[in-house]
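> Whatever this is, show me its structure:
(chains A, B, C and D)
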Amino acid sequence: MSTLAAATTSTGEAVQFWILGTVAVLGALCTILMRRAVHSALCLAGTMIILAVFYLANGAYFLGIVQIVVYTGAIMMLFLFVVMLIGVSAADSLKETIKGQRWLAALCGIGFGVLLIAGIGNASLTEFSGLTRANSGGNVEGLATLIFTKYVFAFEITGALLITAAVGAMVLTHRERTERAKTQRELSEQRIRDGVHLPPLPAPGVYARHNAVDIAGLLPDGSPSELTVNKTLRARGQIRDVSSEALNDLKALEQRSTERLERPTSEEASK
Amino acid sequence: MNPVNYLYLAALLFSIGATGVLIRRNAIVVFMCVELMLNACNLAFVAFSRLHGNLDGQIIAFFTMVVAAAEVVVGLAIIVSLFRSRHSASVDDASLMKL
Amino acid sequence: MSFPLLTATAALPALGAVATAAVPAGKRNAAKSLALLVSLATLGLAVAVLVRFDPDGGRYQLTESHSWIKDFGVRYELGVDGIGVALLALTALLIPFIILAGWHDADPLETSSSRWRPTQGFFALILAVEAMVILSFEATDVFLFYIFFEAMLIPMYFLIGGFGDRAHPHQDEKTAAAQRSYAAVKFLLYNLVGGLIMLAAVIGLYTVAGSFSLTEIAEARADGSLDMATSTERWLFLGFFFAFAVKAPLWPLHTWLPNAMGESTAPVAVLITAVVDKVGTFAMLRFCLQLFPEASKWATPAILVLAVISIVYGALLAVGQRDIKRLVAYASISHFGFIILGIFAMTSQGQSGATLYMVNHGISTAALMLVAGFLISRRGSRLIADYGGVQKTAPLLAGTFLIGSLATLSLPGLAPFISEFLVLVGTFSRYPAIGIIATFGIVLAALYSLVLYQRTMTGPVKPELAKIPDLRVRELAVVVPLIALLVFLGVYPKPLTELVDPAVKHTMSDVQKKDPRPDVEASK
Amino acid sequence: MENLIALLIAAPLLGAAVLLCGGRALDRTGHLLGTLLSLASFAFGLVLFTDMLGKDAEERALHQHLFSWIPVEGFQADVAFQLDQLSMTFVLLISGVGTLIHIYSIGYMEHDERRRRFFGYLNLFLAAMLLLVLADNYLLLYVGWEGVGLASYLLIGFWQHKPSAATAAKKAFLVNRVGDMGLSIAIMLMFTTFGTFAFGPVLEATGDTGEGKLTAIALMLLLAACGKSAQVPLQSWLGDAMEGPTPVSALIHAATMVTAGVYLIVRSGAIFNAAPDAQLVVTIVGAVTLLFGAIVGCAKDDIKKALAGSTMSQIGYMVLAAGLGPIGYVFAIMHLVTHGFFKAGLFLGAGSVMHGMNDEVDMRRYGGLRKYMPVTFVTFGLGYLAIIGFPGLSGFFSKDKIIEAAFAKGGTEGWILGSVALLGAAITAFYMTRVMLMTFFGEERWRKQAAIASGAGEDYQEPHPHESPKSMTIPMIILAFGSVFAGGFFSIGDRFLHWLEPVTAHEHGHPPISAGAVTGATVAVLVLGVAAAWLMYGRRPVPAVAPRGSLLTRAARRDLLQDDFNHVVLVRGGEHLTRSLVYLDHSLVDGAVNGTAASVGGLSGRLRRLQNGYVRSYAVSMFGGAALIVAATLLMRAV
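Just a heads-up that it's a prediction; the model follows:
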């Protein structure tokens, strides 16, 4: 125990730092470069776990565990949950729309990083106290002492903050139903009154090769009908279009039968 | 190895996170980048805690985590309701704050 | 402590404004009657001020003084001299007529179902303007004056921008609304710029003099205990004068007036030119001359030239107008030139004349503009070319309009003649050349007034005008008292001159000027 | 007795107020009320006159101080009246002729639905005119001066539905305003010179001041007189003023108001006497106008405009006389009074002719009317003889004296002025004979006119000439009586001279040729003029359509191109000036401000682009800012 969180570091820790640090930076870079939000989230989760290891290496045992349990376990899962809710496969286009934004961002990022690093380099951080004494009564006990004495007020306020956040999230996402839900009978009556679309909506995949929910049914001319796909999927733009596939198949079939029956092609016939 | 390296790492991660906030348009990813920045800070706090030999840095990192948790909850709720009304999670689409 | 009469004259319309605004939406007529009653009661208070005021007593009378912002030495100080009383009475007198004339101007259109209460707002705003104008006539604390001088812009802005003339010459409602808001914004910006420059000068004055009290500073100036560097005094003077010249308005700062008067309803136009603008010329007399006598004398030649340009230029532009209300606006610019000329001629006749001019111009413009408003509301157009032969169908309207026109051209026997002649004599006795050029103004005044009358009232009757009704009882109740007053003050102006004369003497001694003596006496 | 003076004015003023403010209820009796009050004023005048006659010549002047009008520090204007012989003469002329014309108008305006208002205006005119002649200071005179201008404006434009009448009224007022400017400048000069503008002090103090100032005052007064009395160069309004009803032309634009300029000059005699240069200008103006009016009178076919030309010319005589100084003042006023009689008579006659001829004014459509309107013919004829100066009638006495006085001026000026006056007399005889012949003699052209008019497609109703009603003829007869005998009555024993002398002072002129020779010459030119007219219009038939005529004739028909000059220089020039000023006001004065506003707006528009609404853009600036702060911190530490 004493080697960890000492004023100087062991070679093991150095090896660990260099390997895991590289991975962490890679994970961070992947987080911002991956097109899909899911991948970003997974990369971020990886980086966070590495950070948890670093916390442990720095003698912050409690924080290391909390990092894994709360951050990686809860928060990142919340992220993934929302990503799923919104559409897991919706990929971001990485094309920049604001002129010069990317260059400015890169410049600022690199500049800021360089400045920070220069600042740290400038600071005379040669003396190390180490956490040996502070952690002597146990890390968790030390933290607890501080939280319930020196930081008790801030701690109580964070409690209030958490409650507020929970309530706020519920308020934001909860939709109050202002009117009674319409019964099926009423809905059908309304449909007839409106007279826009009387029969039930067609099922997905009609006339298409597949009947998966995200494949639009085909109209007689081979074009896909968006009506057949679930509203949510439509909104997310997650419709797979297989109409061209079907048409190509049809064309190939006709071609083959023409060849076999030695009929004149349509171009020739028109001559 | 000098534990100051942790600080360099934190600075690097922080810069990467900040750049991500600036270049990504998906609100969720932007949010993740913010989390990355927060974590970078936490790392710095923990390293400082070791440098100074007391636990205050860890306490602050702890509070950061709590606040981040609250923030994530509310932020994601906002993203969800935004998505509900606009069918998009792009931060550029919410650009009504102009004349 | 005696009854705070001056505060009451301002507080009554202010409270009235609040009360009028609070009248429920359905009771428009109650709001109108309430506003009229309040304005009449204010008139009553103004009469009480007139009675209590002793022309031969001290310079400022009925004074009230309370500490307000201790840290900056700002005090709530009120007091009136003869000039202030005259203008206070004018304001209190005109407001009831303005309210009565605008009785239907803010009725909601039948087509609109807006829940906004325009009628209540209209009359409340008019009363609010009255309160602020009265306070700026009464304030003897520079900072207090500044506050009301600026604050009256807000209700005026809404009156101009929110209650446009329904008879507009624009193609459709949308352009009309755009023009209206252009006029309102122009009014606001011009006056705000002037006001901000004045604010700088007010602060500058405080740093130099250490006080905001007009009486204190003026006394200190007079007995020499407050010495300003020449350049400081000139800069401060220019700061004050600029604001007043915008409000007055003096050429070339005049262009907001035709827009504002053209786009607003006739009663509001009267409110602008007959009441609000008077604060500008009044303030020149009270603040510029008293606080900065030396700088005033220094700037006199330039100001006189600008005033003469205003006179001739305004009159020439009035001749060239095609819109009745803009014509009256340019005529007013010409008249304001006369007022400023009289103030800065620095003779007793000129300053008495200028003060009388303020009162008389208020009454005469009100008479002309309100009748013009009645005419415009009948035909639904402001363009002169749309009229002709009105005297045949509406002789009373034409007759009162003629009297208004004659008052505008300063016909002897009507009040404006006396003031105009006094201004001319006062100017001539010190600056003959400027006096003679200004005299050309009276020919041009005849030109624009009579051309207007000829084109609108005489000639064959236009078919659209064949059936317009003559003046109604309400309209007569507005016009007849004004005309009677014009005639009375034209024949017997003594009460007014006696009121004003002592105050003018004080001002003359402030600037340490004496009237030039006639040649015959001088040679003896 | 003094207190009656205010009543002189109050009576017609009351009439005006009652008639103009009173409603339709007075429509039926209004004209009688107006006439009665005018008569009352005349009666007061007579009472004062008899009272005055009972006093010594030097003590006849009466004063009445009514109230202090404009009391301002160093400036004192009072409403106060002065009634001396000069004023008395005018009072009687104004209220007398005025009353006659009120009576005449009862008949003349019988069918006009706005007759009540007409009488109201007439009363207003009387009040203003009386105020003008009774005022004891120049400022109050100015009130009357503008008051008559207003009345004249209202009456010329009485038939406002005619655009020509409205334009003429406006023109009259405007031209008069130019003159009024002169009067106001004169008053201002008096104030700065003498410290007052009451007649007494000003006229007494003329000796104490320099000639330059006095000349300036006198010239300004002359400008005022030119405006009101239609003297060159401000004469252009008088011809157009004939658009008004004929009684108005008779009263205002012939007998009374237009002579106000002469009154002003005579009243200010002391100033003019001390400014010989100004006097010379006065005589020149008078002489030029005298010829100008006469020439214009020769060419006009409109009977009223011909008479208007004549009025201008006759006032030219008066101004000429007034410019001669103490030699001429009395004669100027005497001619003014006799002219008041005969010119009013002539105008009423013309009105009577028009009344019988469907309001036709073109003399070429008259002819041979003497049979149909005997009374009009006789009274008009007597007026005619009086104006041309037929020996023994009024005009002879007054005009002859003026010609004599002109010669008496002495030197080359005297010869020139005298000759001009003689020439004027000849032309007067010519054009008045022309009017007479074209109207009452010769063939009855109006009978043929119907055929011509129907050919031209005009709507012409053949007139049925008839004599006018009694209410119109009686005033004409009284005025004819005056035109015949007034001159003789005044001249016998120099009555008029002695009457006025205390006020205006008088010097006997000594013409270089004997008075008899002047009289002879006058009669000779008179005969010449009549003969020439008879040759041109009596012997030969008058063409019904005006011939093209010589260049001079054509110019004279157009008022010797004065109006064209005014139009091109003043009206057009003014229009251009105002139009360009309106443009400049919009583009330059307003443009400067709007330009500033636009450039501020443009700048903000550009700055606004930075605010593109994208959160990420804002984030970049925040982050960039943070980077800068860090950089600055490091830099500060490094330094």
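
> ok now the helix or strand containing A:Ala144, how far from the chain's centre?
Using DSSP states H and E, A:Ala144 falls within helix A:139-148. Offset of helix A:139-148 from its chain centre (C-alpha atoms, centre = their mean, to the nearest Å): 35 Å.

> same question, stretch C:280-288
With C-alpha atoms, centre = their mean, you get 12 Å for stretch C:280-288.

> for C:Ala48, what are its contacts?
C:Leu5 (C-beta atoms under 8 Å, 6 or more residues apart in numbering or on different chains). C-beta coordinates here come from the backbone N, C-alpha and C atoms, glycine included.

> three-state assignment of it?
For C:Ala48, the assignment made with DSSP: H, G, I helix; E, B strand; the rest coil gives helix.

> How about the residue of chain B found nearest chain A: what's its closest non-neighbour residue?
Residue nearest to chain A within chain B: B:Gly53 (2.5 Å; C-beta to the nearest C-beta). Spatial nearest neighbour of B:Gly53, chain neighbours left out: A:Ser129 (2.5 Å); criterion: C-beta to C-beta, 6 or more residues apart in numbering or on different chains.

> Contact partners for D:Gly529?
D:Ile388, D:Ala425, D:Ala426, D:Ile427, D:Thr428, D:Ala429, D:Phe430, D:Thr433.

> The helix or strand just after the helix holding A:Ala144 and chain B in contact?
Next helix or strand after helix A:139-148 toward the C-terminus (DSSP H and E): helix A:152-173. Yes: applying C-beta under 8 Å from any C-beta of the partner chain, one finds helix A:152-173 touching chain B at A:154-155, A:158, A:161-162, A:164-166, A:168-170, A:172-173.

> Any chance of a PyMOL selection covering the buried ones in those residues?
A single PyMOL command selects the buried members of those (16 or more other C-beta atoms under 10 Å in any protein chain shown):
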select buried, chain A and resi 155+158+161+165+169+172
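
> Show the contacting residues for the nearest residue to D:Gly144 once chain neighbours are set aside.
Distances taken as C-beta to C-beta, 6+ apart place D:Leu132 nearest to D:Gly144, at 3.0 Å, with adjacent residues excluded. By C-beta under 8 Å, 6+ apart, the contact list for D:Leu132 reads D:Leu141, D:Gly144, D:Trp145, D:Gly147, D:Val148, D:Ala260, D:Tyr263.

> Remind me which helix or strand the nearest residue to the third one once chain neighbours are set aside belongs to.
Which is D:Trp145. What sits nearest to D:Trp145 in space, not counting adjacent residues and going by C-beta to C-beta, 6+ apart, is D:Leu132, at 5.6 Å. Assigned by DSSP H and E, D:Leu132 falls within helix D:115-134.

> Next: C:Tyr76.
strand C:74-80.

> residues in contact with the residue nearest to B:Gly53?
A:Ala7, B:Arg50, B:Leu51, B:His52, B:Gly53, B:Asn54.

> mind listing which of those residues are in helices?
The helices, defined by DSSP state H, take in B:Arg50, B:Leu51, B:His52 from these.

> between the residues you listed, which has the most around it?
Most neighbours among those, by other C-beta atoms under 10 Å in any protein chain shown: B:Arg50, with 28 neighbours.

> Would you confirm that that one contacts B:Pro3?
Yes: using C-beta atoms under 8 Å, B:Arg50 is in contact with B:Pro3, at 5.9 Å.

> which residues are in contact with both of the two?
Common contact partners of B:Arg50 and B:Pro3 (C-beta under 8 Å, 6+ apart): A:Asn58, A:Phe128.

> returning to that earlier point: so for the strand holding C:Tyr76, what gets flagged as buried?
Buried, per 16+ other C-beta under 10 Å, within strand C:74-80: C:Val74, C:Arg75, C:Glu77, C:Leu78, C:Gly79, C:Val80.

> What of stretch D:599-614?
Applying 16+ other C-beta under 10 Å to stretch D:599-614 flags D:Tyr614 as buried.

> C:Gly404: what's it in contact with?
So C:Gly404 contacts C:Ser364, C:Ala367, C:Leu368, C:Met369, C:Val371, C:Ala372, C:Ile483 (C-beta under 8 Å, 6+ apart).

> what's the closest non-adjacent residue to it?
Closest residue in space to C:Gly404, ignoring its immediate chain neighbours: C:Leu368 at 3.2 Å, by C-beta to C-beta, 6+ apart.

> Tell me, how many residues neighbour that neighbour?
For C:Leu368, the count of nearby residues is 30 (other C-beta under 10 Å).

> what do you get for the one 3 residues further on?
The tally of other residues near C:Val371 (other C-beta under 10 Å) stands at 28.

> Also C:Val133?
For C:Val133, using other C-beta under 10 Å, the count is 29.

> swap in D:Pro326?
17.

> which residue sits closest to it, ignoring its sequence neighbours?
D:Glu507 (4.4 Å).

> any idea how far B:Tyr8 is from the one you found?
D:Glu507 is 123 Å from B:Tyr8, where distance means C-beta to C-beta, to the nearest Å.

> ok, now B:His52?
Distance of B:His52 to B:Tyr8, computed by C-beta to C-beta: 18 Å.

> next one: D:Ala299
D:Ala299 is 114 Å from B:Tyr8, where distance means C-beta to C-beta.

> In terms of neighbours, single out the busier of those two.
Remark: of D:Ala299 and B:Tyr8, D:Ala299 carries more neighbours, 23 against 18, as counted by other C-beta under 10 Å.

> and the closest residue to the more buried one other than its chain neighbours, how many neighbours?
In space, and not counting its chain neighbours, D:Ala299 is closest to D:Ala556: 3.4 Å by C-beta to C-beta, 6+ apart. D:Ala556: 21 surrounding residues under other C-beta under 10 Å.

> and if you look at D:Thr289?
As a burial measure, D:Thr289 scores 28 neighbours (other C-beta under 10 Å).

> Can you name the element that comes right after the strand or helix carrying it?
Per DSSP H and E, D:Thr289 falls inside helix D:276-299. Past helix D:276-299, further along toward the C-terminus, the next helix or strand under DSSP H and E is helix D:303-323.

> That next one packs against which elements?
Helices and strands touching helix D:303-323, by 3 or more C-beta pairs under 8 Å, 6 or more residues apart in numbering or on different chains; DSSP states H and E, are helix D:236-240, helix D:246-250, helix D:260-267, helix D:276-299, helix D:329-356, helix D:394-408, helix D:411-440.
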